[in-house]
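In: Output the structure for:
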Amino acid sequence: MAIGQNAPLMPKATAVWLVDNTSLSFEQIAVFCKLHPLEVKAIADGDSAQGIKGLDPVLTGQLTRDEIDAGEKDAAHRLKLSVSKVRVPEAKRKGPRYTPVSKRQDRPNAILWLLRNHPELKDAQIIRLVGTTKTTIQAIRERTHWNAPNLQPADPVTLGLCTQIELDLEVEKAAAEAGPVAASDQQEPATLLSVEEALSPSTPEPEDDNANVDPDAVFSGLKAWRKGESNEDDEDEASS
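Out: Numbers count the residues shown, from 1 in each chain. Alright, predicted model coming up:
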């Protein structure tokens, strides 16, 4: 059985205490704690909630002693949860971000920084980050803002208009909505050639420096050099 709004605090711990300290039926405890009767029976048999310490609902103000007495006298009586005296304040509706007066003059510079560095951000996201208006964003984007010539882009985190975590979350959200980069825009990573591609005839082989050498020309030049050397020796001997 699902736990509803009228369930006591820590239902199983409350059921453990009621099983150990009262003569209420399993059905009564199950209805009060929003549990199944078989689960309450398992608690009584020691098969369930063995490590859970019992929680006194009377001590916590969730049940009165008179209610327990009435239930013990009448098996058909259904225990009623006591109305809590503690009122939990309702969560305030989140509105536009409040910007201190001392920092409001910095908002146009922050907007300009966001437009230049994160063009993927939507106007609504910029509004959440720095607490501005769509009209101001449009004016800064189109350079029609009254102080456009004097604006200098400044990081809103540095200016204290938002936190780095808030900025990162908005950037990640914008990137996720933009979707993955198209396959045509992605550069294929460089990969090594396979063995077949490396050994294919189309692959140019390095030129051999000795492939175009004529051996006859080399030896003929060598013979001429030796002949010239021997003639010089003969001339030296004749002169001596």
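
In: Please count neighbours and contacts with C-alpha atoms only from this point.
Out: OK.

In: ok now do Leu79, which residues does it touch?
Out: Going by Cα atoms under 8 Å, 6 or more residues apart in numbering, Leu79 touches 28, 31-32, 67-68, 71.

In: Out of the residues you listed, flag the one nearest to Ala154.
Out: Of all those, Phe32 has the smallest distance to Ala154: 58.8 Å, by Cα to Cα.

In: what about this protein, any weak spots by pLDDT?
Out: 1-5, 84-102, 179-240 (pLDDT under 70).

In: secondary structure element for Glu177?
Out: helix 164-178 (DSSP states H and E).

In: outside of that helix, which residues touch it?
Out: Contacts with helix 164-178, where a contact means Cα under 8 Å, 6+ apart, come from 118, 120-122, 125, 129, 157.

In: 6 Å instead?
Out: By Cα atoms under 6 Å, 6 or more residues apart in numbering, the surrounding residues in contact with helix 164-178 are 121, 157.

In: For Lys41, state which of the contacts of Leu79 is nearest.
Out: Gln28 (11.6 Å).

In: what helix or strand does that closest one sit in?
Out: Per DSSP H and E: helix 26-33 holds Gln28.

In: Give me the contacts around the following helix or strand past that helix.
Out: The helix or strand immediately downstream of helix 26-33 is helix 37-45, counting by DSSP H and E. Helix 37-45 is contacted by residues 26-27, 30, 48-49 when judged by Cα under 6 Å, 6+ apart.

In: got it, and stretch 148-159?
Out: Here stretch 148-159 has contacts from 109-110, 112-113, 163-164, using Cα under 6 Å, 6+ apart.

In: Now rank those by neighbours and give me the top one.
Out: Tallying neighbours with other Cα atoms under 10 Å puts Ala110 at the head of the contacts of stretch 148-159, with 25 neighbours.

In: so is that one in a helix, a strand, or just coil?
Out: On the three-state scheme (DSSP: H, G, I helix; E, B strand; the rest coil), Ala110 is labelled helix.

In: how close does it get to Gly51?
Out: For Ala110, the distance to Gly51 (Cα to Cα, to the nearest Å) stands at 55 Å.
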